[in-house]
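here is a sequence together with a model predicted from it:
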Amino acid sequence: MSKTLRMTRKQAHQRQMRIRKTIFSVLIVSVLGLAGYFLVSAFFRPPPPVMAGNVIDIAADMSGFDQKEILVKVGEPVTIRLTSLDNSHHTDGGGKHQWAVDELDLNIITQPEKSNYITFTPDKPGEYTFYCDICCGGRANPTMSGKLIVEG
Ligand SMILES: [Cu+2]
C-alpha cells in the first residue's frame, strides 16, 4: 500500500514536471514567435501604394499652403503629395500639417519636414475646401485652407 502510494507520488511529480516543461516550451515558442513577428514587420514594411496619375505637390508651413487652388478632373486618378516645411520644434502643431477634404473623405497628415501622399480618383465635379486643422488656429485660419476644383 505504502509502496504504491510512493509510486503514485513519484508519478504525479513526473507528470507535473512534464506539464511544466510543456507550458515552458509553449511560452518560449510564443515569445520567440512574437519577437520574430515584430522584427519582421519592423524591417519589412509593406511598401506604400504606388503614386498613381498626376502628382500634385503642395507644401505647407506656418504661413499656409503654397497653393490655394488645385484643379483635378473627374475620372482621372490624382496624387496629392503634401510636404511640411516646418521642423518639429514648432510649438503649434509640432511641424505637422494636414490636407483634408471632408466631402471626399480625404485626409493625410505629414510629419515635420516630411511628405505624405494620397491617391484618389474624383468621381463627380464640384468645388471643395481643403484644409489643415493642426496648426495656427486650424481650419478657421484662411491661410490654412484652399479650393479643390473637380472639373467634369
Ligand atoms: Cu497646417
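Good, I have the coordinates. Numbering: from 1, shown residues only.

from here on, contacts and neighbour counts on C-alpha atoms
Noted.

low-confidence ranges, this protein, go.
For the chain, the stretches flagged by pLDDT under 70 are 1-6, 46-49.

which single residue in it comes nearest to the ion?
Residue of the chain nearest the ion, by C-alpha to the ion: His97 (3.9 Å).

which parts of the chain sit against the ion?
Contact residues of the chain with respect to the ion, defined by C-alpha under 5 Å from the ion, are listed as His97, Cys132, Cys135.

just the strands in this structure please.
For the chain, the strands defined by DSSP state E occupy 54-61, 64-65, 69-73, 78-84, 97-101, 106-110, 115-120, 126-131, 145-151.

return the most buried member of the ones you listed.
By mean neighbour count, with neighbours taken as mean count of other C-alpha atoms under 10 Å, strand 97-101 ranks first of the strands of the chain at a mean of 25.

next one: that one to chain centre, how far?
Relative to the chain's own centre, strand 97-101 is displaced by 14 Å; criterion: C-alpha atoms, centre = their mean, to the nearest Å.

one more: stretch 96-116?
11 Å.

which other residues reach it?
Applying C-alpha atoms under 8 Å, 6 or more residues apart in numbering, the set of residues contacting stretch 96-116 from outside is 60-61, 81-88, 94-95, 117-118, 128-135.

that one: end-to-end distance?
Start to finish, the residues bounding stretch 96-116 are 11 Å apart (C-alpha to C-alpha, to the nearest Å).

go on, stretch 135-150?
For stretch 135-150, the separation between the terminal residues is 26 Å (C-alpha to C-alpha).

what does that stretch rub up against?
Contact partners of stretch 135-150, identified using C-alpha under 8 Å, 6+ apart, comprise 62-65, 67-74, 92-93, 96-97, 122, 124-133.

repeat that for 7 Å
Counting by C-alpha atoms under 7 Å, 6 or more residues apart in numbering, the neighbours of stretch 135-150 from elsewhere in the structure are 62-65, 68-74, 92-93, 97, 125-133.

domain-wise, how is this protein divided?
In the assignment given by automatic domain parsing, the structural domains of the chain cover 1-46, 54-151.

just how off-centre is the longest one within its chain?
Its chain's C-alpha centre and that of domain 54-151 lie 16 Å apart, by C-alpha atoms, centre = their mean.

and which of the residues of the chain next to the ion is nearest to Phe24?
Of all the residues of the chain next to the ion, the one with the least separation from Phe24 (C-alpha to C-alpha) is His97, at 48.5 Å.
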